[in-house]
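> Structure for the following, please:
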Amino acid sequence: MMRWLAALVLLFATHPAWAAGAAAAYPGVWWIWPLALFVVCFFLGIVAVPAGVGGGVLFVPIVGSFFPFHLDFVRGAGLLVALASSLAAGPSLLKGGLANLRLAMPLAFGASISSIGGAMLGLALPANVVQSALGVTILGIVTLMASARKSEFPHVPDADPLSRMLGIRGMFHDAISGRDMDWQIHRTPFGIMMFLVIGFLGGLFGVGAGWANVPVLNILMGVPLKVAAGTSSLILTTASSSATWYYLDNGAILPIIAVPSVVGMMIGARIGAHLLSVLNASVVRKLVIAMLLISGIGALLKGLGIWT
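The predicted structure is shown next:
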């Protein structure tokens, strides 16, 4: 009961309607929006790391749908947010064995290259087209997350030759069950190809694509669920930074949006990294699905001109 109560409190605390209502009530107070961004991003950072979705996938649809900023600036800030949350959580995840550098690097390399192409296309397309496509994509993410059968400890009978050559394996200790597990992966070439697609979508929408990292790592490649969530955050540090430079070079990053968002996300992500080892991931997962559903509908309606 307490877990559901905590999830409900977080859902209302991070709901952008509260921030939007406060800013509408005080239109002459310009600092309401930066303050609202800081508060929203703080709570998003807490839930993003345990869920393994990255900060950008929550930030872009929520801020793009409920805050009065142009989508190009929101996407630019979204990549910085994804990068910041990953950098803040990275040391704790590596130290606790919840992320693996050998696993992250080859996947992040492909995703970082393709993310630049996605960023170039995203800035070239009209904002309403990207907004509508983002709404459809977010609703697809909701369907994927709700239907995917993730396994805490997937069974990989034999590692593929590429993963053996790269030395991708590790040992994972689950603090909740007290279980130790030696893990290895398979289908590495297919996983690298999937991350090329993931990186492109992340650059296109500015969402960091952490939403797709975890299913590919866990379901396709056989990485334990918590290691997949932690390594997903590590991959975002490289994949997000490549597209971020393109947005920055084209003037699509505004400090008044980016700074409070990044600071709030980094503080929240450090808390989320500590919670990953002890928190029941199913509660966070349900909360993230609810938030993405609201945001995806809002983004789609805004892109179609039904709601402004």
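
> how about low-confidence regions in the stretch 201-308 of the chain?
206-211, 240-241, 276-285, 287-288, 291, 295, 307-308 (pLDDT under 70).

> Which residues are in contact with residue 197?
Residue 197 makes contact with residue 114, according to C-beta atoms under 8 Å, 6 or more residues apart in numbering. C-beta: built from backbone N, CA, C; applies to glycine.

> tell me the strands in the protein, going along the chain?
Counting by DSSP state E, the chain has strands at residues 169-174, 179-184.

> among these, which is nearest residue 120?
strand 169-174 (35.5 Å; C-beta to C-beta).

> Please work out which residues outside the closest one touch it.
Outside strand 169-174, the residues within contact range by C-beta under 8 Å, 6+ apart are 97-98, 100, 102-103, 152, 159, 163, 179-185, 224, 226-227.

> Going by residue numbers, what spans are helices in the chain?
Secondary structure of the chain (DSSP state H): helices at 2-14, 16-25, 32-51, 56-66, 71-95, 101-124, 127-147, 161-166, 188-205, 210-215, 225-249, 255-276, 281-303.

> residues near residue 121, how many?
Here the count is done by other C-beta atoms under 10 Å, and residue 121 has 13 residues near it.

> does it really touch residue 204, like I thought?
Yes - the criterion here is C-beta atoms under 8 Å, and residue 121 meets it with residue 204 at 5.8 Å.

> Could you look over the strands of the chain and pick the most buried one?
Per-stretch averages of neighbours, counted by mean count of other C-beta atoms under 10 Å, single out strand 169-174 among those, with a mean of 16.

> can you give me the angle it makes with strand 179-184?
Here the directions of strand 169-174 and strand 179-184 differ by 160 degrees (axes from the mean of the first three to the mean of the last three C-alpha atoms, to 10 degrees).

> Residue 195: what's it in contact with?
Contacts for residue 195 (C-beta under 8 Å, 6+ apart) come out as 107, 108, 110, 111, 213, 216, 235.

> Can you give me the distance of the nearest residue to residue 218 once chain neighbours are set aside to residue 235?
Once flanking residues are discounted, residue 218 sits nearest to residue 228: 4.2 Å by C-beta to C-beta, 6 or more residues apart in numbering. Applying C-beta to C-beta, to the nearest Å, the value for residue 228 to residue 235 is 10 Å.

> swap in residue 249?
23 Å.

> When those two are compared, which one has more neighbours?
Between residue 249 and residue 235, counted using other C-beta under 10 Å, the more crowded position is residue 235 (31 against 10).

> Can you check the pLDDT for residue 191?
Per-residue pLDDT puts residue 191 at 90.

> The closest residue in space to residue 109 that isn't next to it in sequence: what's it in contact with?
Computed as C-beta to C-beta, 6+ apart, the closest residue to residue 109 that is not its neighbour in sequence is residue 238, at 7.1 Å. The neighbourhood of residue 238, defined by C-beta under 8 Å, 6+ apart, consists of 104, 105, 108, 109, 111, 112.

> can you pick the most crowded of the residues you listed?
Neighbour tally across the contacts of residue 238 (other C-beta under 10 Å): the maximum, 33 neighbours, falls on residue 111.

> Surely that one is in contact with residue 237?
No - checked against C-beta under 8 Å, the pair residue 111 and residue 237 is beyond contact range at 10.8 Å.

> out of the strands of the chain, which comes closest to residue 33?
strand 169-174 (41.2 Å).

> May I have the strands that pair with the closest one, each with its orientation?
strand 179-184 (antiparallel) (DSSP bridges).

> export the partner strand as CSV, just CAs?
The C-alpha coordinates for strand 179-184 follow below in CSV (Å, rounded to 0.1, in the frame of the first residue of the first chain):
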residue,chain,number,x,y,z
ARG,A,179,21.5,-13.5,-5.3
ASP,A,180,24.8,-13.5,-7.2
MET,A,181,24.8,-14.1,-10.9
ASP,A,182,27.5,-14.4,-13.6
TRP,A,183,26.0,-13.1,-16.8
GLN,A,184,26.9,-13.1,-20.5
